[in-house]
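**Q** Pasting the sequence and the predicted model now:
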Protein chains: 2
Amino acid sequence: MSKCENCIIRQFNSLRAMNTEELKKVSDSKITKTIKKGEVIFEEGEKLNGVYCIREGVSKLSKLSANGKDQIVKLVSKGEVLGQRSVIVAEAANLGAVAVNEMTVCFIPKETIVNTLHQNPNFTVEVLRHMAHDLKQADDVIVNMSQKTVHQRVAEVFLYLKTNFGEDKDGFIALILSREDIANLVGTATESAIRVISEFKKKGLLISSGKKIGIGDEKKLQELIVGF
Amino acid sequence: MSKCENCIIRQFNSLRAMNTEELKKVSDSKITKTIKKGEVIFEEGEKLNGVYCIREGVSKLSKLSANGKDQIVKLVSKGEVLGQRSVIVAEAANLGAVAVNEMTVCFIPKETIVNTLHQNPNFTVEVLRHMAHDLKQADDVIVNMSQKTVHQRVAEVFLYLKTNFGEDKDGFIALILSREDIANLVGTATESAIRVISEFKKKGLLISSGKKIGIGDEKKLQELIVGF
DNA sequence: TTTACGACATGATAATTATCAGTTTACAGA
DNA sequence: TCTGTAAACTGATAATTATCATGTCGTAAA
């Protein structure tokens, strides 16, 4: 079993504020699991017994709305921690988490987290910082959702995907998402998302090959987002 | 000058986790101000030198979007603290704050907050709890914005206003907002908001007299929100 | 290879929402 | 009281987006 003390993933999240002793506790109590593409990590409304530290892969956090479709609120990937919020406030998960691709995660029981929270102020402040960052991002998403058109939001999603997940050698975005996922991320109907993508392809703003999609003209996409 | 130790407002926010000594420091360093309706407390992008604890009145937190209108992200009122997020991560304010009505606030310098954050874990955890709550709410707003119609969002806003700000003796919501503010809260054009309000009035879902608006049929509004 | 199915795609149409233009109303200040 | 101005409102129309219906394509299982 690998040791958390040596895990480089830790550098990217709040666990880096833990001391050696605390990390040892985490290491001893953690359970590493692999999760297949499409598998549910936890459901909306589920009580969580711990958090999931992502070593590999990407998860979508989404919420089902009354009309039957689910809105993807955010994508979470390598180095980030899933379920932190719910564990801290000790309430049921507000969002559901599903694996977008094959994942490797470390499950850390809530006791380990909560104890450290009350004993190590540095850790608490670090978690607070992350949460503050998430909150800012969420506020920005609210503004985007309510003030931008579907065209602009689609453009934004692809630039976001590029900067956060990178490109392969052929210039396609490394993270493969279904059109439906893209639509759920944008907050629009799947058909609408497909239409906009086709339009962007025709105009050279995007390129694609099968399910792979890449940025064709980043500058034009940027211009489109801010409004011609 | 009134003492923070005796301030009941404190009971509602994270300051209640401070000890006597810390509260004394806050009390000594705080500046009480009154802010007139429509006045700016801080602007989007401004560096904050402290937080504002609201003793009286309501503030809207909003963000200007490229198309010229600003989206109200949330309303903050008595007992809540403004600017916490920006002070904690030491970065410029992401949202601007404007007084919706006459306000009384206590300005607390950032040093006082930051110092306590590093010294009193209970305080930090309490702030974290509040932030976690805000994050959940923000996530819910994202889902509402992208999945609900303008009609549903208008209905939701009025129920929200009723539960959070109460009603006067005639059954009107205690907080008076302009139609433009309501539109900015809903994330729609002012004319659209006005039209929906008129429609709801005709159907008896809302009642109104001048700028005052009240709930006419709470049950029907609820049904409308979840989708008949 | 054939079959079946799900994801992708496109057309036609309807529903929702924004925009523009103009009118009425409320109300603060002269 | 009169007057000017901002907010509230209404109508007509355009733009955006959703929905339904249908067709194509690729791929995995038989």
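**A** Structure's in. What do you need?

**Q** for the closest residue in space to residue A:97 that isn't next to it in sequence, phi and psi?
**A** Excluding the flanking residues, the one nearest residue A:97 by Cβ to Cβ, 6 or more residues apart in numbering or on different chains is residue A:41, at 4.0 Å. To be clear about C-beta, it is placed using only N, CA and C from the backbone, and glycine gets the same treatment. With angles defined as degrees, to the nearest 10, residue A:41 sits at phi -90, psi -50.

**Q** Can you give me the neighbour number for residue A:41?
**A** 24 (other Cβ atoms under 10 Å in any protein chain shown).

**Q** Roughly how far does it sit from chain B?
**A** 17 Å (Cβ to the nearest Cβ, to the nearest Å).

**Q** Now do the contacts for residue A:92.
**A** A:45, A:46, A:47, A:48, A:86 (Cβ atoms under 8 Å, 6 or more residues apart in numbering or on different chains).

**Q** One more: residue A:76?
**A** Per Cβ under 8 Å, 6+ apart, neighbours of residue A:76: A:54, A:58, A:59, A:60, A:61, A:82, A:97.

**Q** can you list those in a markdown table and add distance to residue B:136 and pLDDT?
**A** As requested, these are arranged in a markdown table below (distance: Cβ to Cβ, whole Å; pLDDT from 0 to 100):
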| residue | distance to residue B:136 | pLDDT |
| --- | --- | --- |
| A:54 | 21 | 96 |
| A:58 | 22 | 97 |
| A:59 | 18 | 98 |
| A:60 | 17 | 98 |
| A:61 | 12 | 98 |
| A:82 | 15 | 97 |
| A:97 | 15 | 97 |
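
**Q** By neighbour count, which of these wins?
**A** residue A:59 (26 neighbours).

**Q** Would you confirm that that one contacts residue A:99?
**A** Yes: using Cβ atoms under 8 Å, residue A:59 makes contact with residue A:99 at a distance of 5.6 Å.

**Q** where do the contact lists of the two overlap?
**A** residue A:41.

**Q** sorry, back to before: now, among the contacts of residue A:76, which is nearest to residue A:215?
**A** residue A:58 (18.5 Å; Cβ to Cβ).

**Q** who does the closest one bridge with?
**A** Here residue A:58 sits in beta bridges with residue A:77, as judged by DSSP bridges.

**Q** Next one: it relative to DNA strand D, how far apart?
**A** As judged by Cβ to the nearest atom of the strand, to the nearest Å, residue A:58 and DNA strand D stand 20 Å apart.

**Q** Please verify my assumption that that residue contacts residue A:75.
**A** Yes: using Cβ under 8 Å, residue A:58 makes contact with residue A:75 at a distance of 5.8 Å.

**Q** Find the residues that touch each one of these two.
**A** With Cβ under 8 Å, 6+ apart, residue A:58 and residue A:75 have common neighbours A:100, A:175.

**Q** My guess is the residue nearest to residue A:97 contacts residue A:59. True?
**A** Yes: counting by Cβ under 8 Å, residue A:41 does reach residue A:59; the two are 6.1 Å apart.

**Q** JSON lines for the contacts of residue A:76, including distance to DNA strand C and secondary structure?
**A** Listed next are these as JSON lines, based on distance: Cβ to the nearest atom of the strand, whole Å; DSSP: H, G, I helix; E, B strand; the rest coil:
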{"residue": "A:54", "distance to DNA strand C": "23", "secondary structure": "strand"}
{"residue": "A:58", "distance to DNA strand C": "16", "secondary structure": "strand"}
{"residue": "A:59", "distance to DNA strand C": "18", "secondary structure": "strand"}
{"residue": "A:60", "distance to DNA strand C": "14", "secondary structure": "strand"}
{"residue": "A:61", "distance to DNA strand C": "19", "secondary structure": "strand"}
{"residue": "A:82", "distance to DNA strand C": "23", "secondary structure": "strand"}
{"residue": "A:97", "distance to DNA strand C": "19", "secondary structure": "strand"}
